[in-house]
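>>> Here is my input; please provide its structure:
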Amino acid sequence: MIDQRPEFQTEQFEKGLKIRREVLGDAYVDRSIATADDVSAPLQKLLTEWCWGEIWSRPGLELKLRSVLNLGMIMALNRPAELKLHLRGALNNGLTREEIVEIILQCAIYCGAPASLDAMRTAQAVFAELDAETNAL
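Alright, predicted model coming up:
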């Protein structure tokens, strides 16, 4: 596993890993790390240290607000896989489904109809997955 490699044994990586797990969940982070190979491991290290350890850990914005920003930016960039991931993270960070719908509506005006339609479909799929997971328990 990449987090066992000496170059990953840094304070910044551990700090980022903690926040990444808090937002995205252990299962997702464990899969990302377990599937990292010699090609993708450097990107995993970079993102964990700098995205999560440096930026997401800063005290200036709460995690919930960072999620609001991410949803808007990811929707604008039309990255549905990342949007799906960060929708779950936004819910983990305290956003409600109603707030997420409002974010998508707000972004529809600035990002356009195709982006908002894709984002709403993605949100509906994530909500359905979460409901199915909850009902399975």
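
>>> what about the residue lying closest to Thr10 once chain neighbours are set aside, is that helix, strand or coil?
Excluding its sequence neighbours, the residue lying closest to Thr10 (C-beta to C-beta, 6 or more residues apart in numbering) is Glu49, at 6.8 Å. Every C-beta, even on glycine, is put in place using the N, C-alpha and C of the backbone. Under the three-state scheme (DSSP: H, G, I helix; E, B strand; the rest coil), Glu49 adopts helix.

>>> likewise Gly94?
coil.

>>> got the phi/psi numbers for it?
Main-chain torsions, Gly94, degrees, to the nearest 10: phi 100, psi 0.

>>> At which residues are the helices of the chain located?
Residue ranges of the helices in the chain, as given by DSSP state H, are 11-24, 26-34, 41-46, 63-77, 80-92, 97-111, 113-136.

>>> So what's the model's average confidence on the fourth one?
Same thing as helix 63-77. Per-residue pLDDT over helix 63-77 has a mean of 97.

>>> out of the helices of the chain, nearest to Gly53?
helix 11-24 (2.8 Å; C-beta to C-beta).

>>> before we move on, the earlier item: residues contacting the residue nearest to Thr10?
Applying C-beta atoms under 8 Å, 6 or more residues apart in numbering, we find Glu49 in contact with 10, 12-13, 16.

>>> count of neighbours near Asp118?
17 (other C-beta atoms under 10 Å).

>>> unless I'm mixing things up, Thr48 is touching Ile19, no?
No: judged on C-beta atoms under 8 Å, Thr48 makes no contact with Ile19 at a distance of 9.1 Å.

>>> Next one: the residue nearest the centre of the chain from Ile103, what distance?
In the chain, the residue lying closest to the centroid (C-alpha atoms, centre = their mean) is His86, at 3.2 Å. Taking C-beta to C-beta, to the nearest Å as the measure, His86 falls 11 Å from Ile103.

>>> shared neighbours of the two, anything?
Joint contacts of His86 and Ile103 (C-beta under 8 Å, 6+ apart) are Leu71.
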